[in-house]
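In: build me a structure from this.
(chains A and B, ligands or ions: 3)
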Amino acid sequence: MYNFEFSKPETIQDAVEAMKSDGAQALGGGQTLLPTMKQRLASPESLVSLCGVAEMVGVCEDDAGNLSVGGATSHAQVADQAAKSYPALAALAANIGDPAVRNRGTIGGSLANNDPAACYPAAALGSGASIITNTREIAADDYFTGMFETALAEDEIITSVRFPVPQAANYQKFDQPASRFALVGVFVAKYADGVRVAVTGASNGGVFRWSEAEAALGGDFSAAAVSGLGAPSGDMIEDLHGSGAYRAHLVGVLTRRAVEACGG
Amino acid sequence: MPNVTMTINGREMSTEVENRTLLSTALREGLKLTGTHIGCDTSQCGACVVHVDGVAVKSCSMLAVEADGATVDTIEGQASPDGSLNVIQQAFQDHHGLQCGFCTPGMVMSASALLKENPKPTEQEVRDYLEGNICRCTGYQGIVNAILAASGQDVAIAAE
Ligand SMILES: Cc1cc2nc3c(=O)[nH]c(=O)nc-3n(C[C@H](O)[C@H](O)[C@H](O)COP(=O)(O)OP(=O)(O)OC[C@H]3O[C@@H](n4cnc5c(N)ncnc54)[C@H](O)[C@@H]3O)c2cc1C
Ligand code: FES
Ligand code: FES
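Out: Ligands and ions are numbered 1, 2, ... in the order given. This is a model prediction of the structure:
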(Lines give C-alpha, C1' and ligand atoms only; values in the text may rest on other atoms or scores of the structure.)
(Ligands and ions follow the chains in the order given, each with its own letter.)
Protein backbone atom coordinates (compact mmCIF):
# COMPACT_ATOMS: atom_id res chain seq x y z
CA MET A 1 0.00 0.00 0.00
CA TYR A 2 1.15 3.54 -0.69
CA ASN A 3 1.97 5.78 2.23
CA PHE A 4 -0.36 8.53 3.44
CA GLU A 5 -0.74 11.19 6.10
CA PHE A 6 -2.54 10.00 9.23
CA SER A 7 -4.59 11.87 11.80
CA LYS A 8 -6.75 10.77 14.69
CA PRO A 9 -9.03 13.66 15.68
CA GLU A 10 -10.99 13.56 18.93
CA THR A 11 -14.02 15.65 17.93
CA ILE A 12 -16.38 15.67 14.95
CA GLN A 13 -15.39 19.25 14.30
CA ASP A 14 -11.69 18.36 14.01
CA ALA A 15 -12.53 15.34 11.85
CA VAL A 16 -14.55 17.52 9.47
CA GLU A 17 -11.65 19.96 9.29
CA ALA A 18 -9.17 17.13 8.55
CA MET A 19 -11.44 15.76 5.81
CA LYS A 20 -11.12 19.06 3.94
CA SER A 21 -7.53 18.39 2.91
CA ASP A 22 -6.96 17.14 -0.64
CA GLY A 23 -7.32 13.37 -1.06
CA ALA A 24 -8.46 12.81 2.52
CA GLN A 25 -10.53 9.74 3.35
CA ALA A 26 -12.28 8.60 6.52
CA LEU A 27 -10.96 5.47 8.23
CA GLY A 28 -13.48 3.53 10.30
CA GLY A 29 -12.42 0.05 11.37
CA GLY A 30 -10.33 -0.39 8.23
CA GLN A 31 -11.78 -3.85 7.57
CA THR A 32 -12.69 -2.89 4.03
CA LEU A 33 -10.49 0.11 3.33
CA LEU A 34 -7.12 -1.37 4.39
CA PRO A 35 -7.49 -4.50 2.20
CA THR A 36 -8.53 -2.20 -0.66
CA MET A 37 -5.45 -0.06 -0.13
CA LYS A 38 -3.20 -3.13 0.03
CA GLN A 39 -4.44 -4.01 -3.44
CA ARG A 40 -3.82 -0.40 -4.48
CA LEU A 41 -7.45 -0.07 -5.51
CA ALA A 42 -7.50 2.98 -3.25
CA SER A 43 -4.62 5.31 -2.45
CA PRO A 44 -5.85 8.18 -0.28
CA GLU A 45 -3.37 10.96 0.45
CA SER A 46 -4.46 11.12 4.04
CA LEU A 47 -6.51 8.97 6.38
CA VAL A 48 -8.66 10.48 9.09
CA SER A 49 -9.26 7.83 11.75
CA LEU A 50 -12.69 8.25 13.33
CA CYS A 51 -12.16 5.71 16.12
CA GLY A 52 -10.93 8.36 18.55
CA VAL A 53 -14.03 10.53 18.19
CA ALA A 54 -15.80 9.65 21.45
CA GLU A 55 -19.07 11.39 20.48
CA MET A 56 -19.34 9.01 17.50
CA VAL A 57 -19.15 5.82 19.57
CA GLY A 58 -22.04 4.17 21.39
CA VAL A 59 -25.74 3.42 21.30
CA CYS A 60 -28.57 5.41 22.91
CA GLU A 61 -32.37 5.57 22.90
CA ASP A 62 -34.55 8.67 22.75
CA ASP A 63 -38.06 9.28 24.12
CA ALA A 64 -39.64 8.92 20.67
CA GLY A 65 -38.66 5.24 20.41
CA ASN A 66 -35.61 5.72 18.21
CA LEU A 67 -32.25 4.07 18.65
CA SER A 68 -29.20 6.13 17.69
CA VAL A 69 -25.94 4.42 16.87
CA GLY A 70 -22.78 6.52 16.62
CA GLY A 71 -21.08 6.33 13.21
CA ALA A 72 -17.85 4.86 14.63
CA THR A 73 -19.56 2.23 16.80
CA SER A 74 -18.18 -1.25 16.17
CA HIS A 75 -20.34 -4.21 15.22
CA ALA A 76 -19.42 -5.87 18.56
CA GLN A 77 -20.59 -2.80 20.48
CA VAL A 78 -23.93 -2.75 18.64
CA ALA A 79 -24.35 -6.49 19.26
CA ASP A 80 -23.85 -5.84 22.95
CA GLN A 81 -25.48 -2.45 23.54
CA ALA A 82 -28.56 -2.78 21.30
CA ALA A 83 -29.48 -6.28 22.52
CA LYS A 84 -32.35 -5.06 24.73
CA SER A 85 -33.59 -2.07 22.76
CA TYR A 86 -33.44 -3.47 19.21
CA PRO A 87 -32.69 -7.22 19.33
CA ALA A 88 -32.95 -7.79 15.56
CA LEU A 89 -30.33 -5.12 14.90
CA ALA A 90 -28.07 -6.52 17.64
CA ALA A 91 -28.41 -10.02 16.21
CA LEU A 92 -27.53 -8.78 12.73
CA ALA A 93 -24.40 -7.06 14.07
CA ALA A 94 -23.46 -10.17 16.06
CA ASN A 95 -23.39 -12.21 12.88
CA ILE A 96 -21.29 -9.96 10.63
CA GLY A 97 -18.06 -11.63 9.52
CA ASP A 98 -16.16 -13.04 12.48
CA PRO A 99 -15.36 -11.80 16.01
CA ALA A 100 -12.14 -9.98 15.05
CA VAL A 101 -13.90 -8.18 12.17
CA ARG A 102 -16.73 -7.22 14.52
CA ASN A 103 -14.29 -5.72 17.02
CA ARG A 104 -12.96 -3.30 14.39
CA GLY A 105 -15.62 -2.79 11.69
CA THR A 106 -18.06 0.10 12.20
CA ILE A 107 -21.61 0.89 11.15
CA GLY A 108 -20.49 4.10 9.43
CA GLY A 109 -17.88 2.23 7.40
CA SER A 110 -20.36 -0.43 6.39
CA LEU A 111 -23.01 2.07 5.28
CA ALA A 112 -20.48 4.32 3.50
CA ASN A 113 -19.07 1.33 1.65
CA ASN A 114 -22.52 -0.07 0.69
CA ASP A 115 -21.22 -3.47 -0.38
CA PRO A 116 -24.06 -5.20 -2.28
CA ALA A 117 -23.73 -8.19 0.09
CA ALA A 118 -23.37 -6.27 3.36
CA CYS A 119 -25.77 -6.67 6.28
CA TYR A 120 -26.22 -3.14 7.70
CA PRO A 121 -27.69 -1.66 4.51
CA ALA A 122 -30.59 -4.13 4.89
CA ALA A 123 -31.17 -3.04 8.48
CA ALA A 124 -31.01 0.67 7.63
CA LEU A 125 -33.34 0.40 4.64
CA GLY A 126 -35.60 -2.14 6.35
CA SER A 127 -36.00 0.12 9.39
CA GLY A 128 -36.43 3.34 7.43
CA ALA A 129 -33.41 4.69 9.31
CA SER A 130 -31.94 8.17 8.95
CA ILE A 131 -28.26 8.48 8.08
CA ILE A 132 -26.98 11.52 9.95
CA THR A 133 -23.86 13.25 8.66
CA ASN A 134 -21.87 16.30 9.63
CA THR A 135 -24.02 18.38 7.27
CA ARG A 136 -27.48 16.78 6.96
CA GLU A 137 -29.85 13.93 7.58
CA ILE A 138 -30.52 11.47 4.73
CA ALA A 139 -33.49 9.08 4.70
CA ALA A 140 -32.37 5.49 3.99
CA ASP A 141 -34.77 5.48 1.01
CA ASP A 142 -32.67 8.25 -0.59
CA TYR A 143 -29.27 7.12 0.67
CA PHE A 144 -28.47 3.87 -1.17
CA THR A 145 -27.99 4.81 -4.81
CA GLY A 146 -26.40 1.65 -6.29
CA MET A 147 -23.71 -0.97 -5.80
CA PHE A 148 -20.96 0.67 -3.66
CA GLU A 149 -22.74 4.01 -4.31
CA THR A 150 -24.38 6.28 -1.76
CA ALA A 151 -25.69 9.83 -1.50
CA LEU A 152 -22.63 10.83 0.59
CA ALA A 153 -20.40 13.62 -0.67
CA GLU A 154 -16.67 12.87 -0.74
CA ASP A 155 -15.79 14.65 2.48
CA GLU A 156 -19.01 13.83 4.33
CA ILE A 157 -18.87 11.82 7.56
CA ILE A 158 -21.63 9.59 8.94
CA THR A 159 -21.81 10.75 12.54
CA SER A 160 -24.75 8.57 13.58
CA VAL A 161 -27.62 6.44 12.34
CA ARG A 162 -31.13 6.75 13.80
CA PHE A 163 -33.34 3.66 13.72
CA PRO A 164 -37.06 3.85 14.51
CA VAL A 165 -37.52 0.73 16.66
CA PRO A 166 -40.18 -1.58 15.14
CA GLN A 167 -42.83 -3.70 16.91
CA ALA A 168 -41.10 -6.81 15.57
CA ALA A 169 -38.18 -7.42 13.25
CA ASN A 170 -35.87 -10.17 12.07
CA TYR A 171 -32.87 -10.54 9.76
CA GLN A 172 -32.23 -13.77 7.91
CA LYS A 173 -28.78 -14.16 6.40
CA PHE A 174 -27.86 -16.99 4.05
CA ASP A 175 -24.10 -17.12 4.60
CA GLN A 176 -21.57 -17.18 1.83
CA PRO A 177 -19.10 -19.14 3.93
CA ALA A 178 -15.89 -18.10 2.15
CA SER A 179 -16.43 -14.34 2.34
CA ARG A 180 -18.65 -14.48 5.45
CA PHE A 181 -20.91 -11.88 3.81
CA ALA A 182 -24.53 -12.58 2.89
CA LEU A 183 -25.20 -14.60 -0.26
CA VAL A 184 -28.69 -13.18 0.28
CA GLY A 185 -30.05 -11.46 3.38
CA VAL A 186 -33.58 -10.24 4.15
CA PHE A 187 -34.57 -7.78 6.87
CA VAL A 188 -38.27 -7.62 7.79
CA ALA A 189 -39.59 -4.95 10.17
CA LYS A 190 -43.19 -4.45 11.31
CA TYR A 191 -44.27 -0.95 12.29
CA ALA A 192 -47.64 0.41 13.37
CA ASP A 193 -48.05 1.98 9.94
CA GLY A 194 -46.80 -0.87 7.75
CA VAL A 195 -44.17 -3.51 7.05
CA ARG A 196 -40.77 -2.96 5.42
CA VAL A 197 -38.79 -5.70 3.66
CA ALA A 198 -35.21 -4.96 2.59
CA VAL A 199 -33.08 -7.37 0.57
CA THR A 200 -29.26 -7.46 0.38
CA GLY A 201 -26.87 -9.70 -1.55
CA ALA A 202 -29.29 -10.31 -4.40
CA SER A 203 -29.29 -7.34 -6.74
CA ASN A 204 -26.69 -5.66 -8.91
CA GLY A 205 -28.31 -2.41 -7.81
CA GLY A 206 -27.42 -3.12 -4.16
CA VAL A 207 -29.90 -3.28 -1.30
CA PHE A 208 -33.56 -2.84 -2.30
CA ARG A 209 -37.09 -2.91 -0.85
CA TRP A 210 -39.35 -5.75 -1.98
CA SER A 211 -42.51 -3.74 -2.35
CA GLU A 212 -44.85 -6.62 -3.33
CA ALA A 213 -43.96 -8.43 -0.11
CA GLU A 214 -44.40 -5.23 1.91
CA ALA A 215 -47.89 -4.76 0.50
CA ALA A 216 -48.89 -8.39 1.12
CA LEU A 217 -47.52 -8.39 4.69
CA GLY A 218 -49.17 -5.06 5.44
CA GLY A 219 -52.57 -6.74 4.98
CA ASP A 220 -51.72 -10.10 6.54
CA PHE A 221 -48.48 -10.45 8.52
CA SER A 222 -47.91 -14.15 7.95
CA ALA A 223 -45.49 -16.33 6.01
CA ALA A 224 -48.47 -17.56 3.98
CA ALA A 225 -49.11 -14.03 2.72
CA VAL A 226 -45.81 -14.02 0.84
CA SER A 227 -45.85 -17.68 -0.27
CA GLY A 228 -47.82 -16.94 -3.42
CA LEU A 229 -45.66 -14.05 -4.58
CA GLY A 230 -43.44 -14.47 -7.60
CA ALA A 231 -39.74 -13.77 -7.15
CA PRO A 232 -38.86 -10.09 -6.98
CA SER A 233 -38.09 -8.66 -10.37
CA GLY A 234 -34.82 -6.83 -10.94
CA ASP A 235 -31.26 -7.23 -11.97
CA MET A 236 -30.15 -10.20 -9.86
CA ILE A 237 -26.48 -10.92 -9.16
CA GLU A 238 -25.19 -13.93 -11.11
CA ASP A 239 -21.86 -15.42 -10.04
CA LEU A 240 -20.19 -18.73 -9.29
CA HIS A 241 -21.84 -18.80 -5.86
CA GLY A 242 -25.38 -18.70 -7.21
CA SER A 243 -27.46 -17.91 -10.26
CA GLY A 244 -29.89 -15.01 -10.40
CA ALA A 245 -32.84 -17.43 -10.22
CA TYR A 246 -31.34 -19.11 -7.13
CA ARG A 247 -30.89 -15.78 -5.41
CA ALA A 248 -34.43 -14.69 -6.30
CA HIS A 249 -35.73 -17.95 -4.82
CA LEU A 250 -33.74 -17.39 -1.63
CA VAL A 251 -35.34 -13.96 -1.24
CA GLY A 252 -38.75 -15.62 -0.93
CA VAL A 253 -37.53 -18.34 1.43
CA LEU A 254 -35.69 -15.94 3.72
CA THR A 255 -38.58 -13.47 3.79
CA ARG A 256 -40.92 -16.23 4.98
CA ARG A 257 -38.41 -17.35 7.63
CA ALA A 258 -38.00 -13.77 8.85
CA VAL A 259 -41.77 -13.29 9.14
CA GLU A 260 -42.11 -16.59 11.02
CA ALA A 261 -39.29 -15.56 13.36
CA CYS A 262 -41.27 -12.35 14.07
CA GLY A 263 -44.18 -14.53 15.14
CA GLY A 264 -46.17 -13.93 11.95
CA MET B 1 8.89 8.58 10.92
CA PRO B 2 6.26 8.18 13.64
CA ASN B 3 7.16 6.26 16.73
CA VAL B 4 4.51 4.04 18.31
CA THR B 5 4.55 2.94 21.91
CA MET B 6 2.46 0.02 23.11
CA THR B 7 2.30 -2.05 26.27
CA ILE B 8 2.96 -5.47 24.82
CA ASN B 9 2.50 -8.49 27.07
CA GLY B 10 2.87 -6.16 30.05
CA ARG B 11 6.04 -4.40 28.85
CA GLU B 12 6.20 -0.96 27.30
CA MET B 13 7.81 -1.15 23.85
CA SER B 14 8.38 1.40 21.08
CA THR B 15 9.23 1.09 17.44
CA GLU B 16 9.51 3.36 14.44
CA VAL B 17 6.93 2.81 11.73
CA GLU B 18 5.53 4.46 8.63
CA ASN B 19 1.88 5.50 8.70
CA ARG B 20 1.13 2.59 6.38
CA THR B 21 2.88 -0.03 8.55
CA LEU B 22 0.44 -2.71 9.66
CA LEU B 23 0.38 -3.74 13.29
CA SER B 24 1.40 -7.27 12.23
CA THR B 25 4.49 -5.88 10.49
CA ALA B 26 5.40 -3.64 13.42
CA LEU B 27 5.19 -6.62 15.79
CA ARG B 28 7.13 -9.02 13.59
CA GLU B 29 9.71 -6.81 11.91
CA GLY B 30 9.95 -3.85 14.26
CA LEU B 31 9.79 -5.68 17.57
CA LYS B 32 10.88 -9.15 16.43
CA LEU B 33 7.80 -10.74 17.96
CA THR B 34 7.45 -13.31 15.20
CA GLY B 35 4.95 -15.54 17.01
CA THR B 36 2.14 -13.60 15.34
CA HIS B 37 1.85 -15.20 11.91
CA ILE B 38 0.80 -13.78 8.55
CA GLY B 39 -1.19 -16.38 6.65
CA CYS B 40 -3.09 -14.37 4.09
CA ASP B 41 -2.63 -10.65 4.73
CA THR B 42 -6.20 -10.24 3.41
CA SER B 43 -8.07 -10.55 6.74
CA GLN B 44 -9.37 -14.04 5.98
CA CYS B 45 -7.27 -16.53 7.95
CA GLY B 46 -6.88 -15.23 11.51
CA ALA B 47 -3.26 -16.41 11.95
CA CYS B 48 -2.41 -12.81 12.91
CA VAL B 49 -5.00 -12.39 15.72
CA VAL B 50 -3.72 -10.45 18.74
CA HIS B 51 -5.62 -8.61 21.48
CA VAL B 52 -5.69 -4.82 21.37
CA ASP B 53 -7.09 -3.22 24.52
CA GLY B 54 -8.51 -6.58 25.49
CA VAL B 55 -10.31 -7.56 22.28
CA ALA B 56 -9.27 -9.87 19.43
CA VAL B 57 -8.31 -8.12 16.20
CA LYS B 58 -6.57 -9.17 13.01
CA SER B 59 -3.24 -7.38 13.26
CA CYS B 60 -2.87 -7.48 9.45
CA SER B 61 -5.94 -5.26 9.19
CA MET B 62 -5.01 -2.53 11.63
CA LEU B 63 -2.40 0.20 11.28
CA ALA B 64 0.40 0.29 13.84
CA VAL B 65 -0.26 4.02 14.34
CA GLU B 66 -3.82 3.14 15.38
CA ALA B 67 -2.39 1.01 18.19
CA ASP B 68 -0.21 3.81 19.59
CA GLY B 69 -0.79 3.89 23.35
CA ALA B 70 -2.73 0.62 23.34
CA THR B 71 -2.30 -2.52 25.37
CA VAL B 72 -1.43 -5.40 23.06
CA ASP B 73 -1.30 -9.08 23.96
CA THR B 74 0.36 -11.57 21.65
CA ILE B 75 1.10 -15.29 21.70
CA GLU B 76 4.52 -14.56 23.24
CA GLY B 77 2.81 -13.46 26.45
CA GLN B 78 0.71 -16.57 26.90
CA ALA B 79 3.17 -18.97 28.52
CA SER B 80 4.72 -18.19 31.92
CA PRO B 81 8.22 -16.72 31.98
CA ASP B 82 9.57 -20.17 32.97
CA GLY B 83 8.15 -21.58 29.74
CA SER B 84 5.23 -23.50 31.19
CA LEU B 85 2.25 -23.34 28.88
CA ASN B 86 -1.02 -21.69 29.85
CA VAL B 87 -4.13 -23.81 30.13
CA ILE B 88 -5.23 -23.22 26.51
CA GLN B 89 -1.79 -23.95 25.07
CA GLN B 90 -1.49 -27.10 27.19
CA ALA B 91 -4.91 -28.25 26.00
CA PHE B 92 -3.87 -27.73 22.37
CA GLN B 93 -0.90 -30.01 23.03
CA ASP B 94 -2.97 -32.60 24.87
CA HIS B 95 -5.83 -32.73 22.37
CA HIS B 96 -3.93 -32.60 19.09
CA GLY B 97 -5.06 -29.02 18.46
CA LEU B 98 -2.18 -28.47 16.05
CA GLN B 99 -0.19 -30.20 13.38
CA CYS B 100 2.05 -27.78 11.50
CA GLY B 101 1.31 -25.06 14.04
CA PHE B 102 1.02 -22.18 11.62
CA CYS B 103 -2.53 -21.23 12.59
CA THR B 104 -1.95 -21.92 16.28
CA PRO B 105 -0.97 -18.43 17.52
CA GLY B 106 -4.18 -17.01 16.09
CA MET B 107 -6.24 -19.97 17.30
CA VAL B 108 -4.91 -19.61 20.85
CA MET B 109 -5.50 -15.83 20.90
CA SER B 110 -9.04 -16.27 19.55
CA ALA B 111 -9.69 -19.06 22.03
CA SER B 112 -8.57 -16.92 24.94
CA ALA B 113 -10.82 -14.06 23.77
CA LEU B 114 -13.73 -16.50 23.57
CA LEU B 115 -13.17 -17.96 27.04
CA LYS B 116 -12.95 -14.48 28.52
CA GLU B 117 -16.38 -13.63 27.07
CA ASN B 118 -17.92 -17.04 27.52
CA PRO B 119 -16.11 -19.29 30.04
CA LYS B 120 -18.14 -22.44 29.25
CA PRO B 121 -18.98 -22.36 25.53
CA THR B 122 -20.85 -25.13 23.78
CA GLU B 123 -19.16 -26.92 20.88
CA GLN B 124 -21.29 -24.88 18.46
CA GLU B 125 -20.29 -21.63 20.16
CA VAL B 126 -16.62 -22.59 19.83
CA ARG B 127 -17.07 -23.33 16.13
CA ASP B 128 -18.95 -20.07 15.55
CA TYR B 129 -16.30 -18.06 17.34
CA LEU B 130 -13.53 -19.59 15.23
CA GLU B 131 -15.24 -18.57 11.99
CA GLY B 132 -12.38 -16.21 11.19
CA ASN B 133 -9.56 -18.66 11.99
CA ILE B 134 -8.58 -21.06 9.25
CA CYS B 135 -6.58 -24.26 9.76
CA ARG B 136 -5.31 -26.25 6.79
CA CYS B 137 -4.21 -29.28 8.82
CA THR B 138 -6.29 -30.46 11.72
CA GLY B 139 -9.86 -30.57 10.43
CA TYR B 140 -10.69 -28.45 13.50
CA GLN B 141 -11.95 -31.25 15.77
CA GLY B 142 -8.73 -31.29 17.81
CA ILE B 143 -8.85 -27.51 18.15
CA VAL B 144 -12.47 -27.55 19.27
CA ASN B 145 -11.74 -30.34 21.76
CA ALA B 146 -8.76 -28.43 23.12
CA ILE B 147 -10.83 -25.30 23.73
CA LEU B 148 -13.64 -27.26 25.38
CA ALA B 149 -11.06 -28.98 27.58
CA ALA B 150 -9.39 -25.67 28.43
CA SER B 151 -12.78 -24.42 29.61
CA GLY B 152 -12.90 -27.32 32.06
CA GLN B 153 -15.49 -29.34 30.17
CA ASP B 154 -15.35 -33.04 29.42
CA VAL B 155 -14.38 -33.85 25.89
CA ALA B 156 -15.61 -37.02 24.26
CA ILE B 157 -12.48 -38.52 22.73
CA ALA B 158 -13.26 -38.67 19.03
CA ALA B 159 -12.02 -41.62 16.93
CA GLU B 160 -8.67 -42.59 18.42
C1 LIG C 1 -13.56 -11.40 6.68
C2 LIG C 1 -14.60 -10.33 6.60
C3 LIG C 1 -15.94 -10.67 6.69
C4 LIG C 1 -16.94 -9.71 6.60
N5 LIG C 1 -18.24 -10.11 6.69
C6 LIG C 1 -19.22 -9.18 6.59
C7 LIG C 1 -20.60 -9.55 6.70
O8 LIG C 1 -20.95 -10.70 6.90
N9 LIG C 1 -21.53 -8.58 6.58
C10 LIG C 1 -21.19 -7.28 6.42
O11 LIG C 1 -22.08 -6.44 6.34
N12 LIG C 1 -19.91 -6.88 6.34
C13 LIG C 1 -18.91 -7.80 6.42
N14 LIG C 1 -17.61 -7.40 6.35
C15 LIG C 1 -17.31 -5.98 6.20
C16 LIG C 1 -17.16 -5.32 7.55
O17 LIG C 1 -18.42 -5.21 8.17
C18 LIG C 1 -16.52 -3.94 7.43
O19 LIG C 1 -16.18 -3.62 8.74
C20 LIG C 1 -17.36 -2.82 6.90
O21 LIG C 1 -17.91 -3.08 5.65
C22 LIG C 1 -16.54 -1.57 6.75
O23 LIG C 1 -16.50 -0.94 7.96
P24 LIG C 1 -15.16 -0.33 8.52
O25 LIG C 1 -15.53 0.44 9.73
O26 LIG C 1 -14.14 -1.37 8.65
O27 LIG C 1 -14.81 0.74 7.39
P28 LIG C 1 -13.46 1.09 6.63
O29 LIG C 1 -12.89 -0.11 6.00
O30 LIG C 1 -12.60 1.87 7.53
O31 LIG C 1 -14.05 2.07 5.53
C32 LIG C 1 -14.89 1.63 4.48
C33 LIG C 1 -15.33 2.85 3.66
O34 LIG C 1 -16.18 3.68 4.43
C35 LIG C 1 -15.65 4.99 4.60
N36 LIG C 1 -16.00 5.38 5.96
C37 LIG C 1 -15.67 4.74 7.12
N38 LIG C 1 -16.30 5.28 8.17
C39 LIG C 1 -17.03 6.32 7.68
C40 LIG C 1 -17.91 7.27 8.27
N41 LIG C 1 -18.19 7.27 9.59
N42 LIG C 1 -18.48 8.21 7.47
C43 LIG C 1 -18.24 8.21 6.13
N44 LIG C 1 -17.43 7.33 5.53
C45 LIG C 1 -16.83 6.39 6.28
C46 LIG C 1 -14.18 4.85 4.30
O47 LIG C 1 -13.64 6.05 3.81
C48 LIG C 1 -14.18 3.76 3.24
O49 LIG C 1 -14.51 4.28 1.99
C50 LIG C 1 -16.59 -8.35 6.44
C51 LIG C 1 -15.24 -7.99 6.36
C52 LIG C 1 -14.25 -8.95 6.44
C53 LIG C 1 -12.83 -8.54 6.35
S1 FES D 1 -2.85 -12.71 8.06
FE2 FES D 1 -4.33 -11.51 9.04
S3 FES D 1 -6.15 -12.61 8.68
FE4 FES D 1 -4.67 -13.76 7.56
S1 FES E 1 -2.10 -26.74 12.32
FE2 FES E 1 -1.43 -26.35 10.31
S3 FES E 1 -2.72 -24.72 9.71
FE4 FES E 1 -3.58 -25.32 11.55
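In: what about the helices in chain B?
Out: B:23-25, B:87-94, B:104-117, B:123-129, B:141-150 (DSSP state H).
In: quick check, the fourth one touching ligand 1?
Out: Just to be clear, that refers to helix B:123-129. No: between helix B:123-129 and ligand 1, judged by C-beta under 6 Å from any ligand atom, nothing touches; the nearest distance is 12.9 Å. Just so you know, the C-beta spots here come from the backbone N, C-alpha and C atoms, and that holds for glycine as well.
In: please name every helix or strand in contact with that helix.
Out: helix B:104-117, helix B:141-150 (3 or more C-beta pairs under 8 Å, 6 or more residues apart in numbering or on different chains; DSSP states H and E).
In: could these be laid out in a markdown table, adding mean neighbour count and mean pLDDT?
Out: Output for the helices and strands packed on helix B:123-129, formatted as a markdown table (neighbours: other C-beta atoms under 10 Å in any protein chain shown; pLDDT from 0 to 100):
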| stretch | mean neighbour count | mean pLDDT |
| --- | --- | --- |
| helix B:104-117 | 23 | 98 |
| helix B:141-150 | 23 | 98 |
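In: now render those as JSON lines, adding distance to A:A215.
Out: JSON lines is the format used below for the helices and strands packed on helix B:123-129 (distance: least, C-beta to C-beta, whole Å):
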{"stretch": "helix B:104-117", "distance to A:A215": "42"}
{"stretch": "helix B:141-150", "distance to A:A215": "46"}
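In: what about stretch A:120-139, average pLDDT?
Out: Mean per-residue pLDDT for stretch A:120-139: 98.
In: now for residue 8: which residues touch it?
Out: I went with chain A, as the question did not name one. Counting by C-beta atoms under 8 Å, 6 or more residues apart in numbering or on different chains, A:K8 touches A:V48, A:S49, A:C51, A:G52, B:V65, B:E66.
In: wrong chain, I was asking about chain B
Out: Taking C-beta under 8 Å, 6+ apart, one finds B:L27, B:L31, B:L33, B:V72, B:D73, B:T74, B:G77 in contact with B:I8.
In: got a winner among these for most neighbours?
Out: B:L27 (26 neighbours; other C-beta atoms under 10 Å in any protein chain shown).
In: look up how far B:I38 lies from that residue.
Out: In this view, B:L27 and B:I38 are 10 Å apart by C-beta to C-beta, to the nearest Å.
In: which one of the contacts of B:I8 sits closest to ligand 3?
Out: Ranked by distance to ligand 3 (C-beta to the nearest ligand atom), the contacts of B:I8 are led by B:T74 at 17.8 Å.
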